[in-house]
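*Asks:* Quick one: sequence and predicted model below, then my questions.
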Amino acid sequence: MGSFEEVMQKNATAKFIATVLVGGVIVGVSLYGLLQSSEGLQKNLEPLGLLWKRRRKKKNKTIRVYMDGCFDMMHYGHCNALRQARALGDELVVGVVSDDEIIANKGPPVTPLEERMIMVNAVKWVDEVITDAPYAITEEFMQKLFNEYNIDYIIHGDDPCILPDGTDAYAHAKKAGRYKQIKRTEGVSSTDIVG
């Protein structure tokens, strides 16, 4: 046998090795148990993960807004309206009213449809253009906007848009709760310019 110090050192070394081995076994068993239970835990939490992804996707959903107009003799009032409309969503879809619809509701346009389409499409706030849009938002056209174009809101200025029969051109959108209003730019209009 050796001295008391040697025996104590050997005991300490043996205790250390035993602790490491036992600790390693415990850690190994714990990690194995964690891995086994994490598979079960993962299966149990999977619906929560899907729910979180759905909520996140819904929060991050792209908001698409629609604004229509004649855009005859394009001026800064039109551009300001498009800027304000785009600020209410992530993407702005613009409907350019057809020549026939303008004639039926306001009189003949000065600028033909093709040129009005080019001018509206050139505005930096516009993401997509729909040609031959109706002057009034009918129930049928509104459903097309919601279902085919994924429009969330229909936008118009705070000036009244009255049809020849005296009804509001945006009544259906307002009734559906999918209407938002912007401020009309005062002091400029195509009608005034023509006048």
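*Replies:* Arrived safely.
*Asks:* Dump stretch 116-130 to CSV, keeping only the CA atoms.
*Replies:* In CSV, the C-alpha atoms belonging to stretch 116-130 read as follows (Å, rounded to 0.1, in the frame of the first residue of the first chain):
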residue,chain,number,x,y,z
ARG,A,116,-55.1,56.2,-70.8
MET,A,117,-53.9,52.6,-70.2
ILE,A,118,-50.3,53.5,-71.0
MET,A,119,-50.4,56.6,-68.7
VAL,A,120,-51.9,54.7,-65.7
ASN,A,121,-49.5,51.8,-66.2
ALA,A,122,-46.6,54.2,-66.1
VAL,A,123,-47.4,55.5,-62.6
LYS,A,124,-45.0,54.0,-60.0
TRP,A,125,-47.8,53.2,-57.4
VAL,A,126,-49.7,51.0,-59.9
ASP,A,127,-49.0,47.2,-59.8
GLU,A,128,-51.6,45.9,-62.3
VAL,A,129,-54.1,47.4,-64.7
ILE,A,130,-57.5,46.1,-65.7
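*Asks:* What residues sit buried inside it?
*Replies:* Residues 116-117, 119-120, 123, 125-127, 129-130 are the ones in stretch 116-130 that count as buried (16 or more other Cβ atoms under 10 Å). Any C-beta I mention is one placed from the backbone N, CA and C, and that applies to glycine too.
*Asks:* go on, stretch 167-178?
*Replies:* 168-173, 178.
*Asks:* now, among those, which is nearest to N105?
*Replies:* Using Cβ to Cβ, A169 is the member of the buried residues of stretch 167-178 that lies nearest N105, at 8.5 Å.
*Asks:* can I assume that closest one is in contact with C161?
*Replies:* Yes - counting by Cβ atoms under 8 Å, A169 does reach C161; the two are 4.2 Å apart.
*Asks:* show me where this protein has helices.
*Replies:* 4-59, 76-87, 99-105, 113-121, 139-148, 171-175, 190-194 (DSSP state H).
*Asks:* Where does the prediction get shaky in the chain?
*Replies:* Scanning the chain for pLDDT under 70 picks out 1-59, 186-195.
*Asks:* again, only this time at 80
*Replies:* Scanning the chain for pLDDT under 80 picks out 1-60, 159-164, 185-195.
*Asks:* Contact partners for T62?
*Replies:* By Cβ atoms under 8 Å, 6 or more residues apart in numbering, the residues touching T62 are 90-91.
*Asks:* And for D90?
*Replies:* Applying Cβ under 8 Å, 6+ apart to D90 gives the contacts 62-64.
*Asks:* Could you save those residues as JSON lines and add columns showing distance to I151?
*Replies:* Shown next, in JSON lines, are these (distance: Cβ to Cβ, whole Å):
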{"residue": "T62", "distance to I151": "11"}
{"residue": "I63", "distance to I151": "9"}
{"residue": "R64", "distance to I151": "5"}
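*Asks:* and these, which of them are in strands?
*Replies:* Judged by DSSP state E, the contacts of D90 include R64 as members of strands.
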